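Asker: Mind looking at a prediction? Sequence and model below.
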Amino acid sequence: MKTIQFREAICEAMSEEMRRDESVYLMGEEVAEYNGAYKASKGMLDEFGPKRVIDTPIAELGFAGIAIGSTMTGNRPIVEYMTFNFSLVGIDQIINNAAKIRQMSGGQFPCPIVFRGPTASAGQLAATHSQAFESWFANTPGLKVVVPSNPYDAKGLLKAAIRDNDPVIFMESEQMYGDKGEVPEGEYTIPLGVADIKREGTDVTIVSFGKIIKEAYKAAEELAKDGISCEIIDLRTVRPMDREAILKSVKKTNRLVVLEEAWPFGNVATDITYLVQSEAFDYLDAPVVKINTADTPAPYSPVLLEEWLPNSTDVIKAVKKVMYKNV
């Protein structure tokens, strides 16, 4: 094993797959000459050249469409958005073309493409640069949605996403690019659609994904001091979702808290809540509690932003609520 940063895990995954398959290429704003806005493609232009590591204009609709069209001639593009907030400019191409080419062509044209970049908040970036769109994309048949939380998962999942024959939305975080973690020296992939139990427990299940799962880890450490044992599931892939892993855990712990950095209406946590009440209702000893951001655009003020975001204190309160402990 070796210890690398999240950004290095992303770079290694892309580079290894580009060495393995000449049809893979990277395109996006500042991915080449600048080594990536977050240095996640450092050194790739030097190794692969300007035909396979392509700087684009600030024109997300245009380069998303070019990349999607190139899949129909045998290519496997990786499209980097500087942030998924900017993907909204190109979302027509993603939803109406990438997600539907296979069906509308009667299976003649698969669309092996990865759209990757940071999602959700990253400090004081204000309302238009702090949005989480996992549930938007996951609502679309034809798309797969991956949200890793650490370097090991990021590398293995990105390699699997690049090899997948369907379009994959791969969502990272500006605040995770500097995170360090161990990854194997050799080749490995992680299959899409498989959750991971990050912490075994017996009293309550906490389901989360992406960078916000760190708040669950903090809460679990504090709750352990009170004798409460938390099981933490990292979804890793939002769609397809590992429903069996969630149900199996809830049937063991009989309680569920879902932590998600997203607006509270119609999100991933809502779908998980419906799943558990419909397929594991008799196992529940308490109503499911979901923790989300405030139902407003993200504020710029650091004081307001701290209130807006879920945190470990919110998780502790939610766990104690489902445990019927005094909060």
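Answerer: In hand now; what should we look at?
Asker: quick one: pLDDT of Val327?
Answerer: On the pLDDT scale, Val327 is placed at 61.
Asker: Met323 touches Leu256, doesn't it?
Answerer: No - between Met323 and Leu256 no contact is recorded; they are 11.7 Å apart, counting by Cβ atoms under 8 Å. Every C-beta, even on glycine, is put in place using the N, C-alpha and C of the backbone.
Asker: who has more neighbours, those two?
Answerer: Set Met323 next to Leu256 and count neighbours by other Cβ atoms under 10 Å: Leu256 wins out with 31 against 18.
Asker: any idea how far Val288 is from that one?
Answerer: 5 Å (Cβ to Cβ, to the nearest Å).
Asker: intersection of neighbour lists for the two?
Answerer: Among the neighbours of Leu256, those also in contact with Val288 (Cβ atoms under 8 Å, 6 or more residues apart in numbering) are Ile272, Thr273, Val276, Val322.
Asker: need the strands for this protein, in chain order.
Answerer: Assigned by DSSP state E, the chain shows strands spanning 2-5, 24-28, 53-55, 76-80, 114-118, 144-146, 168-172, 180-183, 196-199, 204-208, 230-234, 237-239, 256-259, 289-291.
Asker: Any idea which of these gets closest to Gln124?
Answerer: Relative to Gln124, the nearest member of those by Cβ to Cβ is strand 114-118, separated by 14.9 Å.
Asker: Which of the shared contacts of Leu256 and Val288 fall in helices?
Answerer: Ile272, Thr273, Val276, Val322 (DSSP state H).
Asker: At which residues are the helices of the protein located?
Answerer: 6-20, 44-48, 60-71, 91-93, 101-104, 134-138, 151-163, 213-225, 243-253, 268-279, 302-308, 312-322.
Asker: about what we covered before: of all the shared contacts of Leu256 and Val288, which comes closest to Arg199?
Answerer: Val322 (16.7 Å).
Asker: Which pLDDT value goes with that closest one?
Answerer: 98.
Asker: Nearest to Ile54 among the helices of the chain would be which one?
Answerer: Across the helices of the chain, closest to Ile54 is helix 60-71 (Cβ to Cβ), at 8.2 Å.
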